Every structure is written in C-alpha cells, then in structure tokens.
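how does the following fold in three dimensions:
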Amino acid sequence: EHPLRYWRMATAAAMKEVEARLAANPALIARVKAVFEWQITGGGVYTMDLKNGKGSIKEGKCEGKPDCTVIVAEQDFIAMLKGETTSQKLFMKGKLKVKGGMQHAMKLGELMKAQKPTSKL
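Just a heads-up that it's a prediction; the model follows:
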C-alpha cells in the first residue's frame with residue numbers, strides 16, 4: 001500500500017473531526033468569519049468555509065479567493081488537532097505558512113481548541 005494513500009486517509013479523518021467540532025460549536029463560525037484553504041502537504045487540499053451558513057469543509061481548492069491559505073504538513077495539522085502543538089508554535093518554527101489575512105490565521109487556535117477531540121485520531 002502506497003504511504004500517500006494512508007496520509008490522505010488520515011487527513012480526511014482529521015477533517016471529519018473538524019466538522020464534528022464545528023457542529024458542536026456553531027458560534028465559532030460567527031467569531032471566525034473566514035474561508036480557509038488548507039494545503040496539507042501529503043494530505044491534499046481542503047476548503048474550510050467558516051463564513052457562510054453553518055460552515056462547511058470540502059476536499060479541493062477554494063472556489064474564488066480564500067480569506068486565508070494555510071500550508072502545513074499533515075503530521076503537524078493532526079498534532080494541532082490533538083492539542084500536541086498550536087498553530088502559533090508551528091508558525092514560529094516555520095512549519096506553518098500563511099498567505100492572505102493574518103487576522104484570520106490568528107483565529108486558527110480558537111478553531112483547534114474549540115472542543116476536545118470527539119474521535120481518536
């Protein structure tokens with residue numbers, strides 16, 4: 001089995017976790033008000049809409065221009081979700097890059113710690 005296939009599965013599971021956190025904390029969408037494009041090295045590209053409706057996550061590039069593009073390795077993205085590190089720490093180490101609105105990127109911490117994990121990643 002090709003390792004890239006495993007990585008994509010891990011990222012997909014992680015995005016399901018984020019969806020569960022959003023569903024459990026709808027007020028977060030009102031606070032964040034941004035569309036993120038996640039470019040996850042080894043895990044694919046996802047659009048996270050935290051601006052419209054109840055929020056949504058879909059695989060693929062953002063239609064139109066995202067408010068913020070986040071580039072991060074898959075293992076670091078999953079570590080953020082597990083609470084093992086923060087987006088700020090990864091950014092300071094050069095392991096998380098941000099294009100676009102830095103004010104939106106600063107809200108990532110709120111998203112990642114919105115709730116304890118609902119599943120085991």
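
let's verify the most centrally placed residue in the chain: helix, strand, or coil?
Closest to where the C-alpha atoms of the chain average out (Cα atoms, centre = their mean) is W38, at 6.1 Å. Judged by DSSP: H, G, I helix; E, B strand; the rest coil, the three-state class of W38 is strand.

for it, what are its contacts?
Each residue near W38 by Cβ atoms under 8 Å, 6 or more residues apart in numbering is listed here: 45-48, 69-70, 72, 77. Every residue, glycine included, has its C-beta placed from N, CA and C.

run through the bridge partners of it.
Y46, V70 (DSSP bridges).

model confidence for it, exactly?
W38 is assigned a predicted lDDT (pLDDT) of 95.

for S87, see how far away it is.
Distance, W38 to S87, using Cβ to Cβ, to the nearest Å: 11 Å.

shared neighbours, these two?
With Cβ under 8 Å, 6+ apart, W38 and S87 have common neighbours V70.

follow-up on the earlier one: make a markdown table from the contacts of W38 and add neighbour count to it.
A markdown table is the format used below for the contacts of W38 (neighbours: other Cβ atoms under 10 Å):
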| residue | neighbour count |
| --- | --- |
| V45 | 16 |
| Y46 | 23 |
| T47 | 18 |
| M48 | 25 |
| T69 | 21 |
| V70 | 24 |
| V72 | 23 |
| F77 | 28 |
